[in-house]
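Enquirer: sequence plus the predicted model coming up.
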Amino acid sequence: MPSATLRFDGPVSPGLTLAPLRCGSADPCFQIVGTDTWRTSLMRTGPVTARIAKTAVDTVECEAWGDGAAEFLDGLPALLGVDDDNAGFTPADPTIAAAHRRVPHLRLGRTGRVLEALIPAVIEQRVYGKDAFRAWRILTTKFGQPAPGPAPAGMRVPPSAEVWRRIPSWEFHLANVDPGRARTVVGCAQRADALDRLTAENAVRGLRSLPGVGEWTAAETVQRAFGDPDELSVGDFHLAKTVGLSLLGVPIDDAPMAELLAPLRPHRHR
């Protein structure tokens, strides 16, 4: 059973860093049990189950099972944001500055798994979060393989690109994924090899070249796969309203949100 211990140069919060990867409280690929975070992934070398636990203010320990365990542990520092650089993030807005003081240890992690970040984002297009989470749960439970090791009951490894490509249309229908999003999922899975070659520098352009992948979906993907600190989720149903209410006291839409956050480049997502 491979394991690793990471010590940071200050307080660490793996729960905050990993939270954006969770597709609802019943996500078969991400579970929280007590103080432990359990995550599954399909690495290039095979499936993996990982248990990630904060054991001290500045220390995280991880155990991993499955053929992809060693590869997962190699990427653990990036996943937990060791490489995240918030240099230059000095927000003048008092609300953002106060939030930054409360959680200076927030780190943006990167999974390096583009398809695993992209498909949940596609499923979340134009629907309520609870409906998207239900669809993800149904599809990954049925088509994902059982998680290796002593994973919590019901956990699954996300389906491979080959499996996503072969899911019948009626299975997407049963999960309440409309034909448009289903075609986009299958199309993205067909380009999995090309997605694996994307880098942080060309990811948005490459993702936007795929039919059905727009600005919001590309942003959500690069935030998770590459830890992009700046890419903004324009087109999100709630984000602009939340930003407006938090910073101005009134809801706003995307255009004024982008203008309001422009001074924070290159840290608008942060």
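Expert: Everything's here; your move.

Enquirer: just checking, what packs against the longest helix belonging to the chain?
Expert: In the chain, with assignment by DSSP state H, the single longest helix is helix 129-143. The contact analysis (3 or more Cβ pairs under 8 Å, 6 or more residues apart in numbering; DSSP states H and E) places helix 129-143 against helix 114-123, helix 169-174. (Glycine included, C-beta is placed from N, CA and C.)

Enquirer: tell me which residues in that helix are buried?
Expert: Ala132, Phe133, Arg134, Ala135, Trp136, Arg137, Ile138, Leu139, Thr140, Phe143 (16 or more other Cβ atoms under 10 Å).

Enquirer: kindly report the same for stretch 228-244.
Expert: Across stretch 228-244, burial judged by 16+ other Cβ under 10 Å covers Asp228, Pro229, Glu231, Leu232, Ser233, Val234, Gly235, Asp236, Ala240, Val243, Gly244.

Enquirer: quick one: mean pLDDT over stretch 60-70.
Expert: For stretch 60-70, mean pLDDT is 98.

Enquirer: then stretch 11-19?
Expert: On average, stretch 11-19 scores 95.

Enquirer: between the two ends of it, how far is it?
Expert: End-to-end distance for stretch 11-19, by Cα to Cα, to the nearest Å: 17 Å.

Enquirer: use 516 as the first number for this chain going forward.
Expert: In the new numbering, first residue 516, that becomes stretch 526-534.

Enquirer: which residues does that stretch contact?
Expert: 521, 545, 547, 552, 554, 567-569, 572-575, 594-596, 618-624 (Cβ atoms under 8 Å, 6 or more residues apart in numbering).

Enquirer: ok, stretch 741-759 next?
Expert: Applying Cβ under 8 Å, 6+ apart, the set of residues contacting stretch 741-759 is 593, 596, 598-601, 604, 623-625, 627, 715, 718-719, 729-731, 733-735, 737-738, 765-769, 771-773, 775-776, 780-785.

Enquirer: so Leu591 sits against Pro517, correct?
Expert: No - in this structure, Leu591 is not within contact of Pro517 by Cβ atoms under 8 Å, at 10.3 Å.

Enquirer: please, where are all the strands along the stretch 566-715 of the chain?
Expert: 574-580, 660-661, 671-672 (DSSP state E, counting those that start in this stretch).

Enquirer: most tightly packed of the ones you listed?
Expert: Comparing the strands of the stretch 566-715 of the chain by mean neighbour count (mean count of other Cβ atoms under 10 Å), strand 671-672 comes out on top with a mean of 24.

Enquirer: and Arg780, how many neighbours?
Expert: Neighbour count for Arg780, taken as other Cβ atoms under 10 Å: 11.

Enquirer: just the pLDDT for it.
Expert: Predicted confidence (pLDDT) for Arg780: 96.

Enquirer: contacting residues around it?
Expert: Applying Cβ under 8 Å, 6+ apart to Arg780 gives the contacts Asp745.

Enquirer: and the helices in the stretch 666-785 of the chain, which stretches?
Expert: 676-681, 684-689, 694-705, 707-711, 718-723, 730-740, 754-762, 769-776 (DSSP state H, counting those that start in this stretch).

Enquirer: among these, which is nearest Ile611?
Expert: Each of the helices of the stretch 666-785 of the chain has some distance to Ile611 by Cβ to Cβ; the shortest is helix 754-762, at 7.3 Å.

Enquirer: dump the C-alpha coordinates for the closest one into CSV.
Expert: Taking Å, rounded to 0.1, in the frame of the first residue of the first chain, the C-alpha atoms of helix 754-762 are listed here in CSV:
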residue,chain,number,x,y,z
LEU,A,754,-21.7,33.3,-9.7
ALA,A,755,-22.4,36.8,-10.9
LYS,A,756,-25.3,37.3,-8.5
THR,A,757,-23.2,36.0,-5.6
VAL,A,758,-20.3,38.3,-6.5
GLY,A,759,-22.6,41.3,-6.8
LEU,A,760,-24.4,40.7,-3.6
SER,A,761,-21.1,40.0,-1.7
LEU,A,762,-19.2,43.0,-3.0
